[in-house]
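Novice: quick one: sequence and predicted model below, then my questions.
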Amino acid sequence: MVDNPNLNTDKPSAGNLARITGSQPDLNKLKDTHHSDSQITIRKRKQPDFESDLKNDILEFRKDMKDLMDICKSQKSDITGMKSDVSDIKDQLSSMRATTENLVIEHNQFKVDIAEVKDSLSFQSGRQDDLCTRVATMELSVKRIESLEQDVSTLKQSYNNLQLEHHSLQQRDRLHNLEISGIPENKAENLSITVSKIANTAGVEITTANILHVNRVQPRVEVAGRPRNIVVQLNSQLIKDSILSGIRRRKGITTTDIGMPGEPVKIYVNEHLIPFYKQLRKETKDAADAASYKYVWVRNCKIFARKSDKSPIINVKDANDIKKIK
């Protein structure tokens, strides 16, 4: 306990007390002073209770100190609570600082990502522009190709027409020719006489003067045992057509019909076709057989097909016309 510096615990001296109270505590001295006045009654003054006051002051001081200590304890508890709160605030601030740092890092990363996205978008935009350019170029190329295809189609049609015209011109040179197959070969044979006999069998009288040229021709593909065909050029298309009509009426002739010895062999007499029309005639016959056509024939070096007596006649000029045989 701290002593009060203003509180004096020493007992006051007699002199000090006399000064304080204005009386003389020493009775003998008082008697000496007033012995001459017999009328004065001397009464002993009552002594002040300093110890009791001092105790009361001390008790009161102790009480004040206790109250002060209680206040200090309360304040200390409050301070402790404040310290705890401050510590919590510090922890929260630290957490907020860490969160802020993370946010800053994430923000920076987000900025980097945004920059990368911008770069990617810029790259994609460039590629898209390049793609658009390439598409535009391709569209132009497609248009050019379409134009070229049209040109090619036109050229192809023109080429086909030219081919047909060329084939027709080639065939026109053979317009008076007949091709005879199936007659056995003989070293001593006279082909002009053989052709005359065939014409006579068909009911047409001709002489060697009507025969401009006759010979055997080498086939494109040789077949063992098969004789070479005979090609004869006559001086008249009318004679050629008459021979063909007569043979059709007879429904064919054989080697026996023209006086050749041995077993009869069927003789085939046809118009002398160029290789293109020969192949076209073969394909036409195959298509006609598949479609049950009744007639396929050649007249004036032109190929015809007819399904029945009442069906329309199809003039087969090329492979496209074969598609009409159904």
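Specialist: Received the coordinates, thanks. Residues are numbered from 1 along each chain as shown.
Novice: please enumerate the helices of the protein.
Specialist: According to DSSP state H, the chain carries its helices in the segments 14-21, 27-34, 50-172, 191-201, 237-250, 275-290, 319-322.
Novice: among the ones you listed, which comes closest to K307?
Specialist: helix 275-290 (8.1 Å; C-beta to C-beta). All C-beta atoms are positioned from the backbone trio N, CA, C, and that covers glycine.
Novice: elements contacting that closest one?
Specialist: In terms of contacts (3 or more C-beta pairs under 8 Å, 6 or more residues apart in numbering; DSSP states H and E), helix 275-290 is packed against helix 50-172, strand 295-299, strand 302-306, helix 319-322.
Novice: and with 6 Å instead?
Specialist: Contacts defined by 3 or more C-beta pairs under 6 Å, 6 or more residues apart in numbering; DSSP states H and E place helix 275-290 against strand 295-299, strand 302-306, helix 319-322.
Novice: which one, of those, ends up nearest to I198?
Specialist: Of all the helices and strands packed on helix 275-290, strand 295-299 comes closest under C-beta to C-beta, at 17.5 Å.
Novice: the closest one pairs with which strands, parallel or anti?
Specialist: As defined by DSSP bridges, the strand partners of strand 295-299 come to strand 302-306 (antiparallel).
Novice: export only the CA atoms of the partner strand, formatted as CSV.
Specialist: The C-alpha trace of strand 302-306 is given here as CSV (Å, rounded to 0.1, in the frame of the first residue of the first chain):
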residue,chain,number,x,y,z
LYS,A,302,-26.9,-47.2,-140.8
ILE,A,303,-28.0,-49.3,-137.8
PHE,A,304,-31.6,-49.7,-136.9
ALA,A,305,-33.5,-51.6,-134.1
ARG,A,306,-37.2,-52.3,-133.6
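Novice: so which bits of stretch 256-268 are buried?
Specialist: Judged by neighbour count using 16 or more other C-beta atoms under 10 Å, the buried positions of stretch 256-268 are 257-258, 260, 267.
Novice: residues contacting it, please?
Specialist: Contact partners of stretch 256-268, identified using C-beta atoms under 6 Å, 6 or more residues apart in numbering, comprise 181-182, 197-198, 201, 253-255.
Novice: go again using 8 Å as the cut-off
Specialist: If you take C-beta atoms under 8 Å, 6 or more residues apart in numbering as the criterion, stretch 256-268 is touched by 180-184, 194, 197-198, 201, 252-255.
Novice: would you list the helices and strands packed on helix 275-290 in a markdown table and tack on mean pLDDT?
Specialist: Output for the helices and strands packed on helix 275-290, formatted as a markdown table (pLDDT from 0 to 100):
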| stretch | mean pLDDT |
| --- | --- |
| strand 295-299 | 91 |
| strand 302-306 | 93 |
| helix 319-322 | 90 |
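Novice: deepest-packed of those, please.
Specialist: Mean neighbours per residue, mean count of other C-beta atoms under 10 Å, is largest over the helices and strands packed on helix 275-290 for strand 302-306, with a mean of 19.
Novice: that strand to helix 275-290, inter-axis angle?
Specialist: Interaxial angle of strand 302-306 relative to helix 275-290 (axes from the mean of the first three to the mean of the last three C-alpha atoms, to 10 degrees): 0 degrees.
Novice: give me the mean pLDDT for stretch 188-200.
Specialist: In this model, stretch 188-200 has an average pLDDT of 94.
Novice: next, the buried residues of it.
Specialist: 191-192, 194-199.
Novice: list phi and psi for E222.
Specialist: Main-chain torsions, E222, degrees, to the nearest 10: phi -80, psi 140.
Novice: and the gap between the residue positioned nearest the centre of the chain and M138?
Specialist: Nearest to the geometric centre of the chain sits L131, at 13.3 Å (C-alpha atoms, centre = their mean). Per C-beta to C-beta, to the nearest Å, L131 is found 10 Å from M138.
Novice: what about N161, distance to C301?
Specialist: Taken as C-beta to C-beta, the span from N161 to C301 is 18 Å.
Novice: of those two, which one has the most company?
Specialist: Taking neighbours as other C-beta atoms under 10 Å, N161 and C301 compare with C301 leading, 19 against 11.
Novice: the more buried one reaches F276, doesn't it?
Specialist: No - using C-beta atoms under 8 Å, C301 is not in contact with F276, being 11.0 Å away.
Novice: of the helices of the chain, which is nearest I230?
Specialist: Of all the helices of the chain, it is helix 191-201 that lies closest to I230, at 5.9 Å by C-beta to C-beta.
Novice: can I get that closest one in PDB, CA atoms only?
Specialist: Presented in PDB, the C-alpha positions along helix 191-201 are these (Å, rounded to 0.1, in the frame of the first residue of the first chain):
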ATOM      1  CA  LEU A 191     -13.200 -64.100-156.000                       C
ATOM      2  CA  SER A 192     -15.000 -62.200-158.800                       C
ATOM      3  CA  ILE A 193     -16.700 -65.400-159.900                       C
ATOM      4  CA  THR A 194     -17.600 -66.300-156.300                       C
ATOM      5  CA  VAL A 195     -19.200 -62.800-155.900                       C
ATOM      6  CA  SER A 196     -21.100 -63.300-159.200                       C
ATOM      7  CA  LYS A 197     -22.500 -66.700-158.000                       C
ATOM      8  CA  ILE A 198     -23.600 -65.100-154.700                       C
ATOM      9  CA  ALA A 199     -25.400 -62.300-156.600                       C
ATOM     10  CA  ASN A 200     -27.000 -64.900-159.000                       C
ATOM     11  CA  THR A 201     -28.200 -66.900-156.000                       C
END
